[in-house]
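1. Test case, fold it:
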Amino acid sequence: MRVNEWPSERVKRIPDTPFVVTDAASVTYAEAEEMIGRAAARLRPAIEPGELVGVIAAPTIEAVVTMFAVPRAGGILLPIGTALRDTEVAALCRRFGASLVDPPDFEGSAIVAPDVDPDLPFAVFTTSGSTGAPKGVVLTAGNLVAAADASASFLGHRQGDRWLAVLPLNHVGGFSILTRSMRVGGTVVLESSFDPRRVAALLREVEFASLVPAMLSKVVPYAEGPFERLRMVLVGGGPSPPGLLEEANDLGIPAVPTYGATETAAQIATGRLGTVTPLPGVVLGIDRGEIVVDGPMVSPGYWGQPPRAGPHRTGDTGRIDGEGNLTVWGRLDDLVITGGENVYPAEVERVLLEHPDVVDVVVMGVDDRQWGRSLRAAVVAPGLDEATLTAWARERMAGYKVPKQWDFVVQIPRADLGKPKRNQE
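-> Next comes the predicted model:
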């Protein structure tokens, strides 16, 4: 395998096809290949072989080119989020022993990518575990190619298809849109920021899109069909509020749940409401209630840690039915044991969100002298009070699942992909 299998051989036959389109510019596959080669030539003298190199993953053509130039120059890519301040970027680079580069001058001679081992690291994506301390997930060229090919086979992603990209490129969900498109000769419609009204309009001009539930919920009010080109909107990164996917589909937006992780190079299962079906090559299992996964797209391990041994343990809980379809219940580390009973906060959140006046909610476990741990809910629910919501919840859940503490708030703190920040006061 060669690093420049992005673009693949089939892409090289369509050099004039747009690779990335922004609201300010566009670049064809031939132009991107030339820019990547020139950028790699500029970067190579400053990069030690196998060195981890940070790039601010801005939603620009220049940043995209630089991210693919780093491995071609012999380094390992570390995509960094644009929301971080300079001091945070510096701290992240120190933690992982990475240097930081800016997009170079794209003038001069280009270099051709050398042959590389598909099992060598191509990129390291940071992800915060339950402790909040960032871990570096190693993804090889082989992982990314396998993930892209499995996705294309499952979705019918074809040459010329346009994929709307509004997810951050420092997250594997955003970066994978680039690698998927490179494998089939598709076009990435790269947005500089998330504007719900603009995204709703762009859904009429693309075949695919990737959104998190919080984004889709903001797009739906502006959705006006028909969406004649749109074949699928992948909605992942966390559970969707009850009724959201159904509402989107009623409007003509073919939104489907998708499941994956940084450690699996993004998407590994996609499907219908309630369950998701594994992609080709993905091996799913359940071990003591925890979802485990194996396959050629699964990371070999974490930066600076021993290689992975056995299937990847996702930290998620769920079940697999007789047809192999997966139902995801929640995070294993979110489990709250209260009075000897196991409760998953995500389950409680789903029930509470069924109340017509509950706008948003996050449930967490807190210390409790009587029960050991009990549930505390932060709720955005104008007009409701604790007594009313408690009574409503008791009609729909076992008593031990009903939160014992309620905080009525204006907004729920969420991370950049919409996941609630549990245990945050």
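2. quick one: contacts of stretch 26-34?
-> Contact partners of stretch 26-34, identified using C-beta atoms under 8 Å, 6 or more residues apart in numbering, comprise 4, 7, 11-12, 14-20, 35, 61, 64-65, 110, 185. C-beta coordinates here come from the backbone N, C-alpha and C atoms, glycine included.
3. Tell me the confidence at the spatially most central residue of the chain?
-> Note on the chain: the residue nearest the mean C-alpha position is Gly173, at 3.3 Å, using C-alpha atoms, centre = their mean. At Gly173, the model reports a pLDDT of 95.
4. Surely it is within a strand?
-> No - with DSSP: H, G, I helix; E, B strand; the rest coil as the criterion, Gly173 is helix rather than part of a strand.
5. who's in contact with it?
-> Contacts of Gly173 (C-beta under 8 Å, 6+ apart): Leu167, Ser210, Gly236, Gly237, Gly260, Ala266, Gln267, Leu417.
6. same check, this time on Val124
-> Per C-beta under 8 Å, 6+ apart, neighbours of Val124: Leu52, Ile76, Leu77, Leu78, Phe96, Gly136, Val137, Val138, Leu139, Trp303.
7. Please name the nearest non-neighbouring residue to the first one.
-> Think Leu52. Ala98 (4.0 Å; C-beta to C-beta, 6 or more residues apart in numbering).
8. thinking again about what came up before, any figure for the gap between the residue nearest to the centre of the chain and Thr187?
-> Gly173 is 18 Å from Thr187, where distance means C-beta to C-beta, to the nearest Å.
9. Just name whatever secondary elements the helix or strand encompassing Ala269 is in contact with.
-> Ala269 belongs to strand 266-270 when assigned by DSSP states H and E. Applying 3 or more C-beta pairs under 8 Å, 6 or more residues apart in numbering; DSSP states H and E, one finds that strand 266-270 contacts helix 141-155, helix 172-184, strand 255-261, strand 277-278.
10. just so I know, which of those lies nearest Ala200?
-> Proximity to Ala200 (C-beta to C-beta) singles out strand 255-261 among those, at 12.4 Å.
11. quick check: mean pLDDT across the closest one?
-> 94.
12. isn't Ile291 right next to Val328, touching?
-> Yes - taking contacts as C-beta atoms under 8 Å, Ile291 lies within contact range of Val328: 7.0 Å.
13. Need the residues touching each of these two.
-> By C-beta under 8 Å, 6+ apart, the residues touching both Ile291 and Val328 are Asp316, Thr317, Gly318.
14. out of those, which are inside strands?
-> Counted as lying in strands by DSSP state E, out of these, are Asp316, Thr317, Gly318.
15. partners of the first one in the sheet?
-> In other words, Asp316. Arg331 (DSSP bridges).
16. and it, how many residues sit next to it?
-> The local packing of Asp316 (other C-beta atoms under 10 Å) involves 21 other residues.
17. ditto for the last one
-> Burial of Gly318, expressed as a neighbour count using other C-beta under 10 Å, amounts to 18.
18. Check the gap between it and Asn325 for me.
-> Noted for Gly318: a distance of 10 Å to Asn325, by C-beta to C-beta.
19. With just CA atoms, put stretch 292-303 into PDB.
-> Taking Å, rounded to 0.1, in the frame of the first residue of the first chain, the C-alpha atoms of stretch 292-303 are listed here in PDB:
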ATOM      1  CA  VAL A 292     -16.400  -5.500  21.600                       C
ATOM      2  CA  VAL A 293     -15.300  -5.000  18.000                       C
ATOM      3  CA  ASP A 294     -12.600  -6.300  15.800                       C
ATOM      4  CA  GLY A 295     -11.700  -6.000  12.100                       C
ATOM      5  CA  PRO A 296      -9.100  -4.300   9.800                       C
ATOM      6  CA  MET A 297     -10.400  -0.800  10.700                       C
ATOM      7  CA  VAL A 298      -9.800  -1.200  14.400                       C
ATOM      8  CA  SER A 299      -6.800   0.800  15.900                       C
ATOM      9  CA  PRO A 300      -3.700  -1.100  17.000                       C
ATOM     10  CA  GLY A 301      -3.700   0.800  20.300                       C
ATOM     11  CA  TYR A 302      -3.000   4.100  22.000                       C
ATOM     12  CA  TRP A 303       0.000   6.300  21.500                       C
END
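20. so Val380 sits right up against Val359, yeah?
-> Yes - between Val380 and Val359 there is a contact at 4.2 Å, judged by C-beta under 8 Å.
21. Look at Ala393 and give its secondary structure.
-> Once three-state DSSP is applied, Ala393 turns out helix.
22. The stretch 101-250 of the chain: strands as residue ranges?
-> 121-128, 134-140, 162-165, 187-190, 208-211, 232-235 (DSSP state E, counting those that start in this stretch).
23. Using CSV, write out every CA atom in the fifth one.
-> The reference is to strand 208-211. Only the C-alpha atoms of strand 208-211 are listed here, as CSV (Å, rounded to 0.1, in the frame of the first residue of the first chain):
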residue,chain,number,x,y,z
PHE,A,208,-24.5,12.2,1.9
ALA,A,209,-24.0,14.1,5.1
SER,A,210,-22.7,13.4,8.6
LEU,A,211,-24.3,15.1,11.6
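24. And it, how far out from the chain middle?
-> 11 Å (C-alpha atoms, centre = their mean, to the nearest Å).
25. for it, packing partners?
-> strand 162-165, helix 172-184, helix 196-202, strand 232-235.
26. go with 10 Å
-> On a contact count with 3 or more C-beta pairs under 10 Å, 6 or more residues apart in numbering; DSSP states H and E, strand 208-211 meets strand 162-165, helix 172-184, helix 196-202, helix 213-219, strand 232-235, strand 255-261.
27. and it, average pLDDT?
-> Mean predicted confidence for strand 208-211 is 97.
28. 316 is where my numbering starts, stick with that
-> All set: I'll call the first residue 316, so the last point we hit is now strand 523-526.
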